[in-house]
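Asks: Everything below, folded, please.
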Amino acid sequence: MSQINAYLTFNGNCRQAMNFYNEVLDGELSLQTIGESPMADKMPAKMKDCILHSQLTKGDLVLMGSDMVGEQGLLKGNSVTLMLACNSEEEIKNCYEKLSVEGKTTHPLENTFWGALFGGLTDKFGNHWLLNFEKNESN
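Replies: The predicted model follows:
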């Protein structure tokens, strides 16, 4: 089956953001700078430390990011939200707390009518997150 992964674009702080997300999610992070790529000679020297591609993986979760912004510049909006499906109440509370640091909570963690613990926030990088933990008898 096909899957969709989130790919985030940053304006020079991709390394900082992806390291932050890795601290929250505790996965495996790989970072490739422009200076380490075959594109290095074609790009301005000031961009050599910018991230060409990053990937954070934990199980089936894949979050990617880059500092490669088009000519129009970085346009932040509310059209992209990252949905984090958590495996336990402890995990959702931990991730919500960590992602909220220097960010803005938009929906506190609460029990929902669909039987989940759910919440929303915007992190310190301006990215929108929804967190969900499906409660059932086996959890």
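
Asks: Break this protein into its domains for me.
Replies: 6-66, 81-134 (automatic domain parsing).

Asks: how about the ones you listed in JSON lines, adding mean pLDDT?
Replies: JSON lines is the format used below for these (pLDDT from 0 to 100):
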{"stretch": "domain 6-66", "mean pLDDT": "94"}
{"stretch": "domain 81-134", "mean pLDDT": "96"}
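
Asks: of all these, which lies closest to residue 72?
Replies: Closest approach to residue 72 among the domains of the chain is made by domain 6-66 (11.1 Å; C-beta to C-beta). Heads up, the C-betas are built off the backbone N, CA and C, glycines and all.

Asks: Contacts only, for residue 38.
Replies: Counting by C-beta atoms under 8 Å, 6 or more residues apart in numbering, residue 38 touches no other residue.

Asks: Please shift the residue numbers so they start at 2 in all later answers.
Replies: Renumbered: residue one is now 2, and that last one reads residue 39.

Asks: distance of it from residue 50?
Replies: From residue 39 over to residue 50 the distance is 16 Å, taken as C-beta to C-beta, to the nearest Å.

Asks: Tell me which of the domains of the chain approaches residue 75 most closely.
Replies: Proximity to residue 75 (C-beta to C-beta) singles out domain 7-67 among the domains of the chain, at 4.4 Å.

Asks: start to end distance for the closest one?
Replies: Separation of the first and last residues of domain 7-67 by C-alpha to C-alpha, to the nearest Å is 11 Å.
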